[in-house]
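Q: for reference, the sequence and a predicted model appear below.
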Protein chains: 2
Amino acid sequence: MNATPVSPVLIVGSIALDDLELPSGAFRGVVGGAATFAALSTTIFAPARLVAIVGEDFPQAPLDRLAERGADLSGLVRAPGKTFSWHGRYAENLASRETLGTHLNVFADFKPRLPSSYADSELVLLGNIHPALQLEVLSQVKAPRFVVADTMNFWIAGENALLREVLAKVDTLVVNDEEVRQLAGCHNLRRAAAAVRAMGPRHLIVKRGEHGAMLFDEAGLFYAPAYPLESEVDPTGAGDTFAGALLGYVASHGLNPINLRRGLLLAGAVASFCVEDVGTRRLEQVTRAQAEARLAELRELIQL
Amino acid sequence: MNATPVSPVLIVGSIALDDLELPSGAFRGVVGGAATFAALSTTIFAPARLVAIVGEDFPQAPLDRLAERGADLSGLVRAPGKTFSWHGRYAENLASRETLGTHLNVFADFKPRLPSSYADSELVLLGNIHPALQLEVLSQVKAPRFVVADTMNFWIAGENALLREVLAKVDTLVVNDEEVRQLAGCHNLRRAAAAVRAMGPRHLIVKRGEHGAMLFDEAGLFYAPAYPLESEVDPTGAGDTFAGALLGYVASHGLNPINLRRGLLLAGAVASFCVEDVGTRRLEQVTRAQAEARLAELRELIQL
């Protein structure tokens, strides 16, 4: 029925073993990282090609599960040393978090080299890493058709010139509202969005957590509500899950303004699963049917 | 074409002369108050019946304008003394505000007495006043068909038992997310909403400012985005404007689950006008056609 060829999604980002202090308890060595979450959600809909690095301590089982789901791991390097690790503590209501430590470990010397089999990737997700690495990855892709980038306050403040180079080359930037305001130097979201789009990205997606997400593009403005959860456990990786699902949807359905909007709703639906358990635990179990059922619920939420 | 009889909306609440410290400047003696904002927005769509009190210092012109728009002022008392006044300061981004002073003045001895011509009111908006006064007003209405109440942290904490009596008697509670969480003693919005609905109101509307509003009722959950403004000046009264517009819409279109949802979107559209200028300045100029045009833009925002 659906004749759209499903393109694989190239994903670069961190793979991590995190220490999380959540209202529900403390968890050590939790498998995480932007690339992990993004690949788990992309592969609900489309194959993924991973570019990432892990240390000697990283367990094999999660990698095997990624491969089983359709993630190509030929761009994954296992290096001597320890895996990247983030240590964070969440507030009781999960609305804010504090970084207690970031240990780059093997990530400090990460030089992304794409296997030649990845060079024809058309859909690219540049996870939140140093803009120099994002540029490095992009330069190794022959003819990217749809490039989505994430970034954070740290790079906006510290690597602004390089980040501007990235923005000039991407189709879509996915950030949260504080980041878009910081990048534009303007509080009003609508004016900030226009300023950031003038830096390059045709599409700007603003993630607002439990308040949903907004898409600003040439077709106007679209608002996707978040899925209202009964139980929230761990928001770590929800933003990466969101971006991964969006690309997975576009990969399997084709790129056009309508699918981008449907993809935004779908991404909110998939990200909500991520929050329901610690780390990748819930996300790993999500089937395409479950994701689509939650998408239908989200559509119902705004149905008149 | 539209055979629905337009019912007048009974509105009780404060009328005020506020001192506002806004990022755009300091403004003294600004006409405001919950009843004023609500009546200005209700009367875009339907007649209003006001129950309120002003002091000797309140100017006549704003009252004349309300009357011209179709607000019945026979329930308005002018008493010796000064008009109720709120003094507040907003943060630079308008996202938070601080109360610098609340001067009850004539409001301290306000005993709402409804003119006999109001007794047949079917649609009632109980603005954010002492729950004892809300009950007093309600007791003077013969056969209310749709009662909407607002409240605030002060009454939730200080007059909980009386507020519970109010909740048992109203159809709809309109509050912000912090208030619904405080009332339910639970952070998760979905569970908090269920707990508050168990206290009485069939419909719970949660206002989330720039993040829109949510309706919880027997038909499920509905999400109405806020209108994304290019320029925000003064959020004072936006919540009252929202509630007033909702009732005005229901009064003119009839009460059913679909109209309540459309009314929620419309209320967000009308409230956005309120924020565009100081006090009631912008709201006073809004025509029905302008409100409906902005409603159409809001619907576009969630259109797939």
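A: Cool, the structure landed. Since the structure is predicted, the reported quantities are computational estimates derived from the model, not experimental observations.
Q: measure the closest residue in space to A:Lys142 that isn't next to it in sequence to chain B for me?
A: Leaving aside its sequence neighbours, A:Lys142 sits nearest to A:Ala119 (CB to CB, 6 or more residues apart in numbering or on different chains; 5.0 Å). For glycine as for every other residue, the C-beta is placed from the backbone atoms N, C-alpha and C. Distance from A:Ala119 to chain B, counting by CB to the nearest CB, to the nearest Å: 35 Å.
Q: and the helices in the stretch 51-200 of chain A, which stretches?
A: Along the stretch 51-200 of chain A, counting by DSSP state H, counting those that start in this stretch, helices occupy A:61-69, A:131-139, A:153-158, A:160-169, A:177-184, A:189-197.
Q: adding distance to chain B, write the ones you listed out as TSV.
A: Converted to TSV, these look like this (distance: least, CB to the nearest CB, whole Å):
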stretch	distance to chain B
helix A:61-69	28
helix A:131-139	27
helix A:153-158	16
helix A:160-169	22
helix A:177-184	9
helix A:189-197	5
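Q: got JSON lines for those helices, with mean pLDDT too?
A: Formatted as JSON lines, these follow (pLDDT from 0 to 100):
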{"stretch": "helix A:61-69", "mean pLDDT": "97"}
{"stretch": "helix A:131-139", "mean pLDDT": "97"}
{"stretch": "helix A:153-158", "mean pLDDT": "95"}
{"stretch": "helix A:160-169", "mean pLDDT": "98"}
{"stretch": "helix A:177-184", "mean pLDDT": "96"}
{"stretch": "helix A:189-197", "mean pLDDT": "96"}
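Q: tabulate those helices (JSON lines), appending mean neighbour count.
A: Putting these into JSON lines (neighbours: other CB atoms under 10 Å in any protein chain shown) gives the following:
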{"stretch": "helix A:61-69", "mean neighbour count": "15"}
{"stretch": "helix A:131-139", "mean neighbour count": "19"}
{"stretch": "helix A:153-158", "mean neighbour count": "14"}
{"stretch": "helix A:160-169", "mean neighbour count": "16"}
{"stretch": "helix A:177-184", "mean neighbour count": "20"}
{"stretch": "helix A:189-197", "mean neighbour count": "19"}
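Q: dump those helices to a markdown table, plus distance to B:Leu100.
A: Listed next are these as a markdown table, based on distance: least, CB to CB, whole Å:
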| stretch | distance to B:Leu100 |
| --- | --- |
| helix A:61-69 | 55 |
| helix A:131-139 | 45 |
| helix A:153-158 | 32 |
| helix A:160-169 | 39 |
| helix A:177-184 | 27 |
| helix A:189-197 | 28 |
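Q: contact partners for the residue nearest to A:Ala271 when sequence neighbours are not counted?
A: Nearest non-adjacent residue to A:Ala271, counting by CB to CB, 6+ apart: A:Phe242, 4.2 Å away. Counting by CB atoms under 8 Å, 6 or more residues apart in numbering or on different chains, A:Phe242 touches A:41, A:174, A:207, A:213, A:267-268, A:270-271.
Q: just say helix, strand or coil for A:Phe242.
A: helix (DSSP: H, G, I helix; E, B strand; the rest coil).
Q: I'd like the distance between A:Arg288 and chain B.
A: 19 Å.
Q: cool, and A:Leu298?
A: 9 Å.
Q: hmm, that residue is touching A:Tyr223, no?
A: No. Using CB atoms under 8 Å, A:Leu298 makes no contact with A:Tyr223, being 11.6 Å away.
Q: please identify which of the two sits among more neighbours.
A: More neighbours surround A:Tyr223 than the other of A:Leu298 and A:Tyr223, with 27 against 22 (other CB atoms under 10 Å in any protein chain shown).
Q: quick check: pLDDT value at that one.
A: At A:Tyr223, the model reports a pLDDT of 95.
Q: ok but it is inside a strand, no?
A: Yes. Under three-state DSSP, A:Tyr223 falls within a strand.
Q: considering the contacts of A:Phe242, which possesses the most neighbours?
A: When neighbours are counted by other CB under 10 Å, A:Ser41 leads the contacts of A:Phe242 with 33 neighbours.
Q: what residues are up against the residue lying closest to A:Asp109 once chain neighbours are set aside?
A: Excluding its sequence neighbours, the residue lying closest to A:Asp109 (CB to CB, 6+ apart) is A:Ala79, at 7.5 Å. Contact criterion CB under 8 Å, 6+ apart gives A:53-56, A:106, A:109 as the residues in contact with A:Ala79.
Q: just flag the most distant two among those residues.
A: Farthest apart among these by CB to CB are A:Glu56 and A:Asp109. That separation is 14.1 Å.
Q: separation between the residue nearest to A:Asp109 and chain B?
A: 41 Å.
Q: now do the SS call for A:Val31.
A: strand.
Q: state the distance from it to A:Glu284.
A: Separation of A:Val31 from A:Glu284 (CB to CB, to the nearest Å) stands at 9 Å.
Q: now the common contact residues for the two.
A: Common neighbours of A:Val31 and A:Glu284, counting by CB under 8 Å, 6+ apart, are absent.
Q: need phi/psi at A:Ile44.
A: phi -70, psi -30 (degrees, to the nearest 10).
Q: sorry, wrong one. I was asking about A:Met152.
A: Note on A:Met152: backbone dihedrals following degrees, to the nearest 10 are phi -150, psi 170.
Q: the closest residue to it other than its chain neighbours: neighbour count?
A: Spatially, and ignoring its direct neighbours in sequence, A:Met152 is nearest to A:Asn128 (5.2 Å; CB to CB, 6+ apart). Close neighbours of A:Asn128, defined as other CB under 10 Å, add up to 22.
Q: wait, what's in contact with A:Asn128?
A: A:13-14, A:34, A:150-152, A:155, A:240.
Q: picking that back up, among the contacts of A:Ala79, which lie within strands?
A: Mapping those onto strands (DSSP state E) picks out A:53-54.
Q: ok now do the most centrally placed residue in chain A, which residues does it touch?
A: With distances taken as CA atoms, centre = their mean, the residue of chain A nearest its centroid is A:Asp240 (2.5 Å). Counting by CB under 8 Å, 6+ apart, A:Asp240 touches A:13, A:33-38, A:41, A:127-128, A:150.
Q: rerun at 10 Å
A: A:11, A:13-14, A:32-41, A:125, A:127-128, A:150, A:174, A:271, A:274 (CB atoms under 10 Å, 6 or more residues apart in numbering or on different chains).
Q: A:Leu50 too?
A: A:9-13, A:15, A:35-36, A:38-39, A:42, A:63, A:66-67, A:71-76, A:118.
Q: that older thread, list phi and psi for the residue nearest to A:Met152.
A: Dihedral angles (degrees, to the nearest 10) for A:Asn128: phi -70, psi 90.
Q: which pLDDT value does the model give it?
A: For A:Asn128, the model assigns a pLDDT of 94.
Q: state the distance from it to chain B.
A: On the measure of CB to the nearest CB, A:Asn128 and chain B end up 24 Å apart.
Q: not counting sequence-adjacent ones, nearest residue to A:Val31?
A: A:Pro62 is the one closest to A:Val31 (CB to CB, 6+ apart), at 4.8 Å.
Q: from memory the one you found sits against A:Thr280, does it?
A: Yes. With contact defined as CB atoms under 10 Å, A:Pro62 reaches A:Thr280; the gap is 7.4 Å.
Q: who touches both of these two?
A: Taking CB under 10 Å, 6+ apart as the criterion, A:Pro62 and A:Thr280 both touch A:31-32, A:36, A:40.
Q: show me where the stretch 201-304 of chain A has helices.
A: If DSSP H, counting those that start in this stretch is used as the criterion, the helices of the stretch 201-304 of chain A fall at A:238-253, A:257-275, A:288-301.
Q: most packed of those helices?
A: Counting by mean count of other CB atoms under 10 Å in any protein chain shown, helix A:238-253 has the highest mean neighbour count of these, with a mean of 28.
Q: who does the closest residue to A:Asp72 other than its chain neighbours bridge with?
A: Nearest residue to A:Asp72, sequence neighbours excluded (CB to CB, 6+ apart): A:Arg49, at 4.5 Å. In this entry, A:Arg49 is beta-bridged to A:Leu10, A:Asp72, by DSSP bridges.
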